[in-house]
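Undergrad: Build me a structure from this.
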Amino acid sequence: MTAARPGLAARLGLGTPAQRAWAMYDWANSAFLTVVITAVFPIYYKSVLAEGLPDAVATSRFGFATTAALLAGALLAPPLGALADRSGAKLRLLRAFLAMGVAATAALFLADHGDWRLGLALFALANVGVTASFVCYDALLPHVASPAEMDRVSTAGYALGYVGGGLMLAIALGLILGGPALGLEGTLPTRLSFLLVAAWWAAFSVPLFRRVSEPPATGAAAPLGQVVGDSFREAARTLGALRGYPQALLLLLAFLLYNDGIQTIIRMATIYGEELKLDRTVMIGAIVLVQFVGIPFAFLFGALAGRIGAKRAIFLGLAGYVAITLLGWRLTTSAGFLVLAALVGIVQGGTQALSRSLFARMIPASKSGEFFGFFAIFEKFAGIFGPLLFSLAVVLTGSSRTAILTTLVFFVAGAVLLARVDVAAGEARARTE
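TA: Next up is the predicted model:
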């Protein structure tokens, strides 16, 4: 007798209430990632907060602030992951860092003309909040999806993230462009958009806490101070434990490199376009385009991974990023920025989602918090070196155009390491646990 075919929701990776609620956190936080990190805040910073600063100085300070925030998040990730596992507090810790990120985002409303120090400080604090929340969020993936479901569930999260981020960006763009017609003058429409992002992020995170159960603690009950102290020691031991999963560790090293290039493009693209004097409305519209192009292609990458394997699908994404980098180096027009945005939408979500799910299949679920703490530290250290190298290149050359070529190193080197990952051996090693 032929087995019944799974329903559409299951085929998309949204088959259970817990999976749908888990994926909704991507919808929630993508408002911050899209509006604050990628589209609106970089332009607001360059044109309002950093007014009076030379272009190269403003760009480099933005890059260095991004680097500092990511470094803080990276150093926090391993002990946070260990603490989440030991204390059975993944959801509680996620809620705390969610509150931190939401509060900092809402406080951006206070930053106005010339307040580049306040704006960058709040931007950095919100980045630390969202980074720390991802450690706990990603660690929940093995608890809401089986190994066979992980690719689809992970890419479904990214797809919903594109929808949520795109809708919030469209609302923000409508508010900014239509502000004068509503009697909202000056910087008020942009500052109100930051309040809307904070509210969106908080409200759409609620299903996660209602539908996803807290995984059991892996350590014995102990006073909080002892648990925190032990978590730092366990984080150090986790690095040693990862050596027992050599394919997962090799994937992390590859991810460290190629995700560096991805994060640099995400975080520096708009401020790069601002330096090239491209049309601001077109640039924000291009980020909206990324979100909605990314929706079907995130699902497509999940389906493609089922046919050719996640590793090969990631290779296709990296090839796309090499082309994007070369085209970005030659960029001169706003129309070209739109083309690049469409190409990023095709490869971005699938490449990152499949990296997450591939790693999840090569680690034991009982240590997901610890190991995803190191996934987060590799991810955030990846976000450090690219913007740092980009910013240094801007300082040395006085322009972002040459700096954009530095991302090629990360994509090529990451692909070389990824080619050495033996996925079957990694999955077999995880099953022994």
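Undergrad: Would you map the helices across the stretch 1-150 of the chain?
TA: 8-11, 17-31, 40-44, 55-87, 90-107, 116-139, 141-144, 150-178 (DSSP state H, counting those that start in this stretch).
Undergrad: Columns mean pLDDT, mean neighbour count and distance to residue 352 on top of those helices, output as TSV?
TA: C-beta: built from backbone N, CA, C; applies to glycine. Listed next are those as TSV, based on pLDDT from 0 to 100; neighbours: other CB atoms under 10 Å; distance: least, CB to CB, whole Å:
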stretch	mean pLDDT	mean neighbour count	distance to residue 352
helix 8-11	74	13	21
helix 17-31	93	24	11
helix 40-44	91	24	20
helix 55-87	81	23	15
helix 90-107	95	20	19
helix 116-139	92	23	11
helix 141-144	86	21	13
helix 150-178	86	24	7
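Undergrad: Ok, which of these comes nearest residue 372?
TA: With CB to CB as the criterion, residue 372 lies closest to helix 116-139 of the helices of the stretch 1-150 of the chain, at 4.1 Å.
Undergrad: What are the boundaries of the helices in the stretch 201-350 of the chain?
TA: Going by DSSP H, counting those that start in this stretch, the stretch 201-350 of the chain shows helices at 206-211, 224-242, 246-275, 280-308, 310-329, 334-361.
Undergrad: which other helices and strands contact the host helix or strand of residue 424?
TA: Per DSSP states H and E: residue 424 is located in helix 423-431. Other elements packing on helix 423-431 under the criterion 3 or more CB pairs under 8 Å, 6 or more residues apart in numbering; DSSP states H and E are helix 246-275, helix 334-361.
Undergrad: and if we set it to 10 Å?
TA: On a contact count with 3 or more CB pairs under 10 Å, 6 or more residues apart in numbering; DSSP states H and E, helix 423-431 meets helix 246-275, helix 310-329, helix 334-361.
Undergrad: out of the helices of the stretch 201-350 of the chain, nearest to residue 39?
TA: Using CB to CB, the helices of the stretch 201-350 of the chain put helix 280-308 closest to residue 39, at 4.0 Å.
Undergrad: shouldn't residue 355 be in contact with residue 315?
TA: No: with contact defined as CB atoms under 10 Å, residue 355 does not count as touching residue 315 (11.5 Å).
Undergrad: which residues do these two both contact?
TA: 258, 418 (CB atoms under 10 Å, 6 or more residues apart in numbering).
Undergrad: Out of these two, name the residue with the larger neighbour count.
TA: residue 355 (26 against 17; other CB atoms under 10 Å).
Undergrad: What distance do you get for the more buried one to residue 25?
TA: Look at residue 355 and residue 25: by CB to CB, to the nearest Å, they are 18 Å apart.
Undergrad: Equivalent analysis for residue 418, please.
TA: 27 Å.
Undergrad: Switch the helices of the stretch 1-150 of the chain over to TSV; also include distance to residue 363.
TA: Formatted as TSV, these follow (distance: least, CB to CB, whole Å):
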stretch	distance to residue 363
helix 8-11	24
helix 17-31	18
helix 40-44	34
helix 55-87	11
helix 90-107	15
helix 116-139	10
helix 141-144	8
helix 150-178	11
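Undergrad: so which of the ones you listed gets nearest residue 276?
TA: That would be helix 55-87 among the helices of the stretch 1-150 of the chain, by CB to CB, at 10.1 Å.
Undergrad: can you state the direction angle for the closest one and helix 90-107?
TA: 160 degrees (axes from the mean of the first three to the mean of the last three CA atoms, to 10 degrees).
Undergrad: what sits against residue 27?
TA: Counting by CB under 10 Å, 6+ apart, residue 27 has contacts 157, 159-165, 167-168, 200-201, 204-205, 207.
Undergrad: Could you report the distance from the residue nearest to it when sequence neighbours are not counted to residue 34?
TA: Using CB to CB, 6 or more residues apart in numbering and skipping the chain neighbours, the partner closest in space to residue 27 is residue 164 (3.3 Å). Using CB to CB, residue 164 is found at 8 Å from residue 34.
Undergrad: And for residue 306?
TA: With CB to CB as the criterion, residue 306 and residue 34 are 28 Å apart.
Undergrad: So between the two, which is more surrounded?
TA: Each of residue 306 and residue 34 has its neighbours counted (other CB under 10 Å); residue 34 has more, 28 against 14.
Undergrad: quick one: the more buried one from residue 193, how far?
TA: For residue 34, the distance to residue 193 - CB to CB - is 11 Å.
Undergrad: One more: residue 314?
TA: 34 Å.
Undergrad: Now do the shared contacts for residue 164 and residue 34.
TA: Common neighbours of residue 164 and residue 34 (CB under 10 Å, 6+ apart) are residue 291.
Undergrad: ok, back up a step: of all the helices of the stretch 1-150 of the chain, which one is nearest residue 274?
TA: The nearest among the helices of the stretch 1-150 of the chain, by CB to CB, is helix 40-44 at 5.8 Å.
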